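S.K.: Can you look at this prediction? I've put the sequence above it.
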Amino acid sequence: MPIPPQDRSSDLPPEGAAQPPQGLPEPAPPATQAEPGPDAATGPAGVEDEYAAALKEVEDRWRRALADLDNLRKRHARELDRERAVERARTAAAFLPVIDNLELALNHAGSDPGAIVEGVRAVRDQAVSILERLGYERHAETGVPFDPSRHEVVGVVQDPDAEPNTVAKVLRPGYGEGERQLRPAAVTVAKRE
């Protein structure tokens, strides 16, 4: 008995609706549950297991890297504290001879005043020398052009013999240069009317 053709009018989309492209192969019907074959390990479940294992490995490496970074921060902070302590001790030790010499000057305060003055000058020179060795050169020059990065103006004087805008007198010396400046020199600046 021949099978009558089926009416396909119910399978057609309504008029004006988007039509699927012609000439493409029809999608395969959904797979039914079958017994796993020899390629089952590389099937969807096997790929998911590989992804999960790779994700777990990457996550473990990430956590280890975070722990290493935290340990590095802590070690750096300890080393920085140790270096600061060493540098403070080195600087303080450099000034111990200055203190010793000041104590000697005080012990001899009753003797010749001229010797005391010379001793105090020697101690000052010793302290200035220590500052220079630490990288803070003394600046107490007069007659040099005024430089706002090295000088602090505390007064202006009229001096017909000096060039305008030059240092006439240093009231307090400055130490250091640029970013390594401890303090600028306090100066008076010459001007002409």
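M.R.: The structure has been received and is ready for your questions. Numbering: from 1, shown residues only.
S.K.: Domain map for the protein?
M.R.: Annotated domains of the chain cover 49-134, 138-192 [the TED database].
S.K.: from the ones you listed, which stretch is densest packed?
M.R.: Across the domains of the chain, the average number of neighbours (mean count of other Cβ atoms under 10 Å) peaks for domain 138-192, which reaches a mean of 15. All C-beta spots, glycine's among them, are computed from the backbone N, C-alpha and C.
S.K.: Need the domains of the chain in a markdown table (columns: mean pLDDT).
M.R.: Conversion of the domains of the chain to a markdown table gives the following (pLDDT from 0 to 100):
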| stretch | mean pLDDT |
| --- | --- |
| domain 49-134 | 89 |
| domain 138-192 | 90 |
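S.K.: got a list of what Ala185 touches?
M.R.: Counting by Cβ atoms under 8 Å, 6 or more residues apart in numbering, Ala185 makes contact with 139-140, 150-152, 167, 170, 172-174.
S.K.: In strands only, show me the residues you listed.
M.R.: Residues from those lying in strands, with DSSP state E as the criterion: 139, 151-152, 167, 170, 172, 174.
S.K.: Tell me which two in those are the farthest apart.
M.R.: For the ones in strands among the contacts of Ala185, the maximum inter-member distance is 12.2 Å, found between Val167 and Arg172 (Cβ to Cβ).
S.K.: Can you give the distance of the longest helix anywhere in the chain from its chain's centre?
M.R.: Across the chain, the longest stretch assigned as helix under DSSP state H is helix 44-107. Distance of helix 44-107 from the chain centroid (Cα atoms, centre = their mean, to the nearest Å) equals 14 Å.
S.K.: re earlier: and which of the contacts of Ala185 is nearest to Glu57?
M.R.: Closest approach to Glu57 among the contacts of Ala185 (Cβ to Cβ): Arg150, at 59.9 Å.
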